[in-house]
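Engineer: everything below, folded, please.
(chains A and B)
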Amino acid sequence: MQKKIKNNHARGPNYTTAQLTTLVVLRILIGWHILYEGIVKVLNPYWSSAGYLLESKGIFSGLATSIVASPTALRIVDFLNMWGLIAIGLGLIAGCLTRVASISGIVLLFLYYAFNPSFIGYTYSTPVEGSYLIVNKNLIEICALFVLMLFPTGTIIGLDRLIFIKKKPKKRILKILLGLEEFK
Amino acid sequence: MSKETNNKITDKQNKGPVKKEKVSISRRDILKGLATIPVFGPFLYALLKKKFSDDFKKREILAELGISEKAPAVLPKTILKKSKELIRLGIIGFGGRGEALMHAAGFAHPDWIERKKKDARENKLDKTLEAFLSQEDLNVVLNGVCDVFDVRAERGIAASKNDIRPDGGSGLLKGAKRYRHYQDMLQSDDIDAVIIATPDHWHTQMTIDAVKAGKHVYCEKCMTRTVDEAFKIAAAVKKSGMVFQLGHQGRQQESYIKAKQIAKKNILGKITLVETTTNRNSPGGAWVYEIHEEGSPETIDWKQFQGPAPNRVPFSLERFFRWRCWFDYGTGLCGDLLSHEYDAVNQILELGIPKSAVASGGIYFFQDGRDVPDVFQAVFEYPDRDLTLVYSATLASGRHRGKIFMGHDASMEVGYSLTVTADWESTRYKEKIINRIINTSLPLFTYQPGLKGIDTVTSATEKYFATRGLMYTLRGGRPVDVTHLHVKEWLDCIRNGGQPSCNIDRGFEEAITCHMATISYLERRKVEWDLVNKQII
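Structural biologist: Have a look, this model is predicted:
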């Protein structure tokens, strides 16, 4: 075991091959899902987050209503949503700014969850394909992204390996954000 | 490689003078750095395959149907000229509907403005006031208000003076004069056209007198209360040459216009059954309207209200404020809601008067002294079109049931939006269903105005009208009150000539059809329309 870790010529944390493979596959799968979610929205000229926001329940429902009531705010939210998803998806698959992508994904998915939480007593008219009790797919994907954030792989398998090979930012916070240094 | 890295870390830790070390990019770095890029290959392949397949199906379907998903081009009934010519309006009947019609024409009571401001503050999605203020200015003034209830007449006058209106307010509105009797208003020189929003039993006499006095008429539905009246009103309007519009504002609904195109293109195949419905489930929806606290024999001209009603009864606040509940003043569901549903179907399929009608129903829920049914079904036969039209209504269940056109090849549901679904036993689409180009569990065609639009609908009754396409439609992507468009069409025809979409001929068809159902219900028999002798037998 010890030997294996040593032999792994990584430019990042030391993982076993099995660990690294699992983490990278998880990263690609989540990236694939998020990228396609973004592309579908861009390709559909009628798509808008208005319907989703109007369904909003819980503490954010007031904010959701305000967004829908303002055409400008809605346009901005729609734009950020579509292109945000695409950027996160691309980042995760390619391993480019992987930790930033993971954190952005967590924020975005958390917003989805917070606007339409599957709490007891909340029912939605938009049909869902499964049955959820508090925990839904958004929450699980959020946790998976936390794993990717804490166990970065972009600097081992991914464009981050090439991007940060020569130049590394000096500030610690940036290093942490870019996955070059660990959370402590 | 690992040595270099280790050295670097050690240097840093020692905080000694750092000599910049050259870090070289090895082949391994490049391979590992780009290792996940090939994932985009299968992703793009899958994406494009799906997109091509979806686009191909869509193109195939649209080519087969010969129709676009875009909004229908709405051609104005007349050549549009700028409305330079001021039209001076009078309104007879300033109740709930009268007020709504005046909003459509651009006049609102200050109280209403305040209420809508409050609504907008409380619910950011309520854009009613914004929609009203951004309405086109129709270049009209309200010079006369006639109502038998003092409070409503005063409200009308206040609305006519209110400068908070679509043109931004000129400060020049002198306000309307109150007329105690509509005949006095018709004699006035400063009125060009009248809007009649009284109970149905007054429509005929008022319209006939108005056109005889040279005034154009916008009359609320149902056009008449009886069959005889329908003949009289049609003769008088045609003889006068004045512009007459019946208040079926659904004529302006984008989805109905699209539905007509779809029916004309025979996308549904042979249509044999049309089902229209009314479901409402509130006292307001069953015409149990609020009785105004100031309503009394002193403030209401009861004698004039009764006018041509067949039965004279002592003063009754219920009858005055909830007149739709009695056959003396209207025809209940027939005149109020079947009339809208029928007119929508008549607009889409151009059916005209049916050959026969059978109706039944009863007073099953609102047993409050009314004599009109609150549950009512009517079946109309069109043997020359091989088609049956069914109307089914209850005022004691809010379950949504659409307006559905059933054809051999596809069915179509029409409301504010429109959905066409292919029939799995269709002859026309058989091949495409087998080839999986058409999926019968999904809509074949959807027309949804304002997908990015905003819901301005609040009350349950308003919601009913909105889902039936009777509140708002889209023009150039913006939500517009359909009643505004309907009034505008009437004014355009007054200025520039031409016939409005719900003219006296459509009104005659509406009145006769509704009355066939009423007679069938009251006389408990099947009635027929004698096309030759033009009478109900």
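Engineer: ranges for the strands of the stretch 151-300 of chain B?
Structural biologist: B:177-179, B:193-196, B:216-219, B:244-246, B:271-279 (DSSP state E, counting those that start in this stretch).
Engineer: the fourth one pairs with which strands?
Structural biologist: It refers to strand B:244-246. Applying DSSP bridges to the sheet, strand B:244-246 is found paired with strand B:216-219 (parallel).
Engineer: what's the partner strand in contact with?
Structural biologist: By Cβ atoms under 8 Å, 6 or more residues apart in numbering or on different chains, the residues outside strand B:216-219 that reach it are B:101, B:192-196, B:203, B:206-207, B:210-211, B:237, B:242-247, B:487, B:490, B:494, B:507. No exception for glycine: its C-beta is placed from N, CA and C like everyone else's.
Engineer: mind exporting that strand as CSV, just the C-alpha atoms?
Structural biologist: In CSV, the C-alpha atoms belonging to strand B:216-219 read as follows (Å, rounded to 0.1, in the frame of the first residue of the first chain):
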residue,chain,number,x,y,z
HIS,B,216,-73.1,52.3,-32.2
VAL,B,217,-73.5,49.4,-29.7
TYR,B,218,-71.2,47.1,-27.8
CYS,B,219,-73.5,44.7,-25.9
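Engineer: let me know which of the strands of the stretch 151-300 of chain B is tucked in deepest.
Structural biologist: Highest mean neighbour count among the strands of the stretch 151-300 of chain B (mean count of other Cβ atoms under 10 Å in any protein chain shown): strand B:244-246, with a mean of 29.
Engineer: for B:K212, give me its contacts.
Structural biologist: Here B:K212 is in contact with B:A236, B:S240 (criterion: Cβ under 8 Å, 6+ apart).
Engineer: output the below-cut-off pLDDT ranges for the chain.
Structural biologist: Going with chain A. For chain A, the stretches with pLDDT under 70 are A:1-10, A:46, A:120-129.
Engineer: other chain: chain B
Structural biologist: Checking chain B against pLDDT under 70 turns up B:1-23, B:69-83, B:169-170, B:449-472, B:474, B:476-477.
Engineer: quick one, domains of it?
Structural biologist: B:87-250, B:256-311+B:320-476+B:504-536 (automatic domain parsing).
Engineer: and of these, who's closest to A:I76?
Structural biologist: Closest approach to A:I76 among the domains of chain B (Cβ to Cβ): domain B:256-311+B:320-476+B:504-536, 13.7 Å.
Engineer: so how far is that closest one off the chain centroid?
Structural biologist: 11 Å (Cα atoms, centre = their mean, to the nearest Å).
Engineer: and what of stretch B:124-142?
Structural biologist: Relative to its parent chain, stretch B:124-142 has a centroid offset of 17 Å by Cα atoms, centre = their mean.
Engineer: what helix or strand does the residue of the stretch 1-150 of chain B found nearest chain A sit in?
Structural biologist: Closest to chain A within the stretch 1-150 of chain B is B:K124: 3.4 Å, counting by Cβ to the nearest Cβ. According to DSSP states H and E, B:K124 maps onto no helix or strand at all.
Engineer: burial measure for it, as a count.
Structural biologist: 15 (other Cβ atoms under 10 Å in any protein chain shown).
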